[in-house]
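Asks: return atomic coordinates for the entry below.
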Amino acid sequence: LSVPNDLIVIGFDNIASAAHARPGLTTFDSDTTGAARNLAAMLAARIDPKGRDTPPEAKLIRPKLVLRGSHGTAPG
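Replies: Okay, here's the model as predicted:
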């Protein structure tokens with residue numbers, strides 16, 4: 001089978017080696033480092049005695065699609 005002619009492959013987390021695969025792996029980048037920073041800030045705000053009276057905060061993190069060579073028109 002050949003990618004993307006016979007098989008479409010999409011990964012998750014956008015690891016560095018995805019760009020070096022042949023063909024390059026199309027992947028989602030969920031920015032786990034940024035998400036961890038947001039989570040730590042939200043937790044610190046809740047732990048702070050001044051922040052205990054505020055309602056819990058929720059954030060939706062939308063992953064970004066990083067297009068490379070492993071995607072295309074659906075086979076068949």
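
Asks: pretty sure residue 18 is touching residue 12, no?
Replies: No. With the criterion set as Cβ atoms under 8 Å, residue 18 and residue 12 do not qualify as a contacting pair; they are 9.6 Å apart. Yep, even glycine has a C-beta here, placed from its N, CA and C like the rest.

Asks: what residues are shared contacts of those two?
Replies: With contacts taken as Cβ atoms under 8 Å, 6 or more residues apart in numbering, the residues that reach both residue 18 and residue 12 are residue 27.

Asks: who has more neighbours, the two?
Replies: Regarding residue 18 and residue 12, a neighbour count based on other Cβ atoms under 10 Å identifies residue 18 as having more, with 18 against 11.

Asks: roughly how far does that one sit from residue 62?
Replies: Using Cβ to Cβ, to the nearest Å, one gets 19 Å for the distance from residue 18 to residue 62.

Asks: do the same with residue 69
Replies: Summarising the geometry, the distance separating residue 69 from residue 62, computed by Cβ to Cβ, is 23 Å.

Asks: these two: which has the busier surroundings?
Replies: residue 69 (14 against 8).

Asks: next SSE after the worst-scoring helix or strand of the chain on mean pLDDT?
Replies: Across the helices and strands of the chain, mean pLDDT, DSSP states H and E gives its lowest value to helix 32-47, namely a mean of 89. Under the assignment DSSP states H and E, the closest C-terminal helix or strand after helix 32-47 is strand 64-66.

Asks: CA atoms only: put the least confident helix or strand of the chain into CSV for me.
Replies: Taking only C-alpha atoms (Å, rounded to 0.1, in the frame of the first residue of the first chain), the coordinates of helix 32-47 have been written out as CSV:
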residue,chain,number,x,y,z
THR,A,32,0.1,20.1,25.3
THR,A,33,2.6,22.6,26.7
GLY,A,34,0.2,25.5,26.4
ALA,A,35,-2.6,23.4,27.8
ALA,A,36,-0.5,22.5,30.8
ARG,A,37,0.4,26.1,31.4
ASN,A,38,-3.4,27.0,31.3
LEU,A,39,-4.2,24.2,33.6
ALA,A,40,-1.5,25.3,36.1
ALA,A,41,-2.7,28.9,36.1
MET,A,42,-6.3,27.8,36.6
LEU,A,43,-5.3,25.5,39.5
ALA,A,44,-3.2,28.3,41.1
ALA,A,45,-6.2,30.7,40.9
ARG,A,46,-8.5,28.1,42.6
ILE,A,47,-5.9,27.4,45.3
